[in-house]
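Student: 3D, please:
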Amino acid sequence: MNPTTPVMFPTVTHTTNSDSEPAQFILPDLINDCHYPLRQNPHCDAVSRATDQWLVDVGQLVEPEIRGYLDADIGGCAAVCYPDADAFHLQVCAEWLIWAFIVNDWMECGVADVQEVHEYFNLAIRDPINFDTEQFGAKMCKSFSSGFRETAGPGCTERFIRTMGLFFAAVAKNLDDRAKGHMYNLQTFLTLRRNLIGTKPCFALVEFVAGIDLPDEVVSHPVVMALEEAALDYAIWSNDIFSYNKEQSRGSAPWENIVAVTMYDRGLDLQGAMDYAGQMCKDAIQRFESNRVILPSWEEEVDRQVAIYVEGLQNVMVGSLNWYPDCPRYVGKDGHAIKRDRIVKLLPKRPLL
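Tutor: As a prediction, the model looks like this:
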């Protein structure tokens, strides 16, 4: 297999010929299609409690804003994405995840400026000891940056900073495109979404929690890059499958969810686009496995670190997948029924203010 082969989109067979709005749709069977073992970090409960308290003490968030982040159990997400992390490293990951969700929400609704957040992130991650701020978002950033810099290797640190930079650039572009009414086709949106989703920094955290620092010749190898892209694409499609209902209900434009872009670009109805997205998840797993078996060998210690890293990518894939249907942020209060029946009733659209 050529690891640089571009993503192949499935043939469209279920096009729409009706303008009527469906009342519900059936989720692809993502959980049963993903055979990777789901493991939860043994420090999950303690770190989740500590992270919730950190959100109050450092983030200074109050009701009602804080409620959505507490109910989301983002610490629990970290626990299934990094099941082998010790308590310290898991806490840092959980703090970063919560901060990333919060500032993403703030940037999307205009409460925080993308460039300002990017600037204070760079200052905090480069020199957390001497970074001083009274801004709550920046204080949260200083907190997890201090923990990260305690043990992160130089290569891991630069990859974390670089991928966060790609995330901020993608957010800025998406907001600009939204303001100008620009629309994407599927390929251009997928390219943007690979940075917009914010999963690439999660891969650097795989190195961080494992105490490894991959050599440049490993991270630049085409097969390793193909593994990362497959894991990333899986995260994109699965995330947007679960978040579609919430986003359509708030009147989000089609360029904010890859399922909606698929409907627009491929001329599919909603169920056709969901089925298409489910096939893309299967294809991403297949690409991941096809590249795993052709990984080259370096020296023994490097091979050990690469094996840990690849398993870490797998953990991020299966961990996030199983967190989505348990998270009210994505499925509201119907997570249990949705996991059981895979039937999602469309939420009514909120009036635009």
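Student: Where does F25 sit: helix, strand or coil?
Tutor: When the structure is split into helix, strand and coil by DSSP: H, G, I helix; E, B strand; the rest coil, F25 lands in strand.
Student: Can you pull out the low-pLDDT segments for the stretch 251-353 of the chain?
Tutor: Counting by pLDDT under 70, the stretch 251-353 of the chain shows low-confidence ranges at 252-255, 351-353.
Student: Please enumerate the helices of it.
Tutor: For the stretch 251-353 of the chain, helices defined by DSSP state H, counting those that start in this stretch occupy the ranges 258-266, 270-292, 300-323, 328-331, 335-341.
Student: just the stretch 101-250 of the chain next, same as before
Tutor: Using DSSP H, counting those that start in this stretch, the helices found in the stretch 101-250 of the chain span residues 114-126, 136-151, 154-180, 186-196, 200-210, 216-219, 222-249.
Student: for the third one, which positions count as buried?
Tutor: For helix 154-180, the neighbour count (16 or more other C-beta atoms under 10 Å) marks 155-157, 159-160, 163-164, 167-168, 170-171, 174, 177 as buried. Yep, even glycine has a C-beta here, placed from its N, CA and C like the rest.
Student: repeat for the fourth one
Tutor: Residues of helix 186-196 classed as buried: L186, F189, L190, L192, R193, R194, N195, L196 (neighbour count, 16+ other C-beta under 10 Å).
Student: tell me which strands and helices it is in contact with?
Tutor: Other helices and strands packing on helix 186-196, by 3 or more C-beta pairs under 8 Å, 6 or more residues apart in numbering; DSSP states H and E, are helix 154-180, helix 222-249, helix 258-266.
Student: need those in JSON lines with distance to A94, can you?
Tutor: What follows is the helices and strands packed on helix 186-196, written out as JSON lines (distance: least, C-beta to C-beta, whole Å):
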{"stretch": "helix 154-180", "distance to A94": "15"}
{"stretch": "helix 222-249", "distance to A94": "18"}
{"stretch": "helix 258-266", "distance to A94": "26"}
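Student: Indicate which one of those helices is closest to V302.
Tutor: Each of these was scored for nearness to V302 using C-beta to C-beta, and the closest is helix 222-249 (11.3 Å).
Student: Now do that closest one against helix 258-266, angle only.
Tutor: Computed with axes from the mean of the first three to the mean of the last three C-alpha atoms, to 10 degrees, the direction of helix 222-249 lies at 90 degrees from that of helix 258-266.
Student: Of all the helices and strands packed on helix 186-196, which one comes closest to E134?
Tutor: E134 sits nearest to helix 154-180 of all the helices and strands packed on helix 186-196, at 21.8 Å, using C-beta to C-beta.
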